[in-house]
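1. pasting the structure only:
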């Protein structure tokens, strides 16, 4: 992922994953590429774009990395074991 692309993202945006809107909100206390993800007003978790490491999306609570934002959000949607 190109860091210049992420710099253009707002602090709030809506992204469709599998036809369902997911709201991404960047915490006000960071300038890092980090967003809290919500679906239908339900908090899914926090995602970080690791553009300075390997370009993957890190899913904080699962400690997983994914190549695409869509896959990272799908991981957040998985039921807890």
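-> It's in. On a predicted model such as this, the values are computed, not experimentally measured, just so you know.
2. host element of the residue most central in space within the chain?
-> Centroid-nearest residue in the chain: residue 47, 3.7 Å away (criterion: CA atoms, centre = their mean). In this assignment (DSSP states H and E), residue 47 forms part of strand 42-49.
3. What residues sit buried inside that strand?
-> Within strand 42-49, the residues that count as buried by 16 or more other CB atoms under 10 Å are 44, 45, 46, 47, 48, 49. All C-beta spots, glycine's among them, are computed from the backbone N, C-alpha and C.
4. If you count contacts, what does that strand end up packed against?
-> Secondary-structure packing of strand 42-49 (3 or more CB pairs under 8 Å, 6 or more residues apart in numbering; DSSP states H and E): strand 34-39, strand 57-59, helix 69-77.
5. So which residues make contact with the shortest one?
-> Here strand 57-59 makes contact (CB atoms under 8 Å, 6 or more residues apart in numbering) with 45-50, 64-69, 71-72, 75-76.
6. What score does residue 20 have for pLDDT?
-> Looking at residue 20, its pLDDT stands at 97.
7. for the residue lying closest to it once chain neighbours are set aside, which residues make a bridge with it?
-> Leaving aside its sequence neighbours, residue 20 sits nearest to residue 39 (CB to CB, 6 or more residues apart in numbering; 6.5 Å). Residue 39 has these beta-bridge partners by DSSP bridges: residue 42.
8. count of residues packed around residue 39?
-> 15 (other CB atoms under 10 Å).
9. Quick check: it touching residue 77?
-> Yes: counting by CB atoms under 8 Å, residue 39 does reach residue 77; the two are 7.3 Å apart.
10. ok, residue 28 - contacts?
-> residue 11.
11. Report the separation between it and residue 12.
-> 11 Å (CB to CB, to the nearest Å).
12. got the end-to-end distance for stretch 43-59?
-> End-to-end distance for stretch 43-59, by CA to CA, to the nearest Å: 13 Å.
13. and residue 77, how many neighbours does it have?
-> Using other CB under 10 Å: residue 77 sits among 15 other residues.
14. Nearest spatial neighbour of it, chain-adjacent residues omitted?
-> residue 44 is the one closest to residue 77 (CB to CB, 6+ apart), at 6.6 Å.
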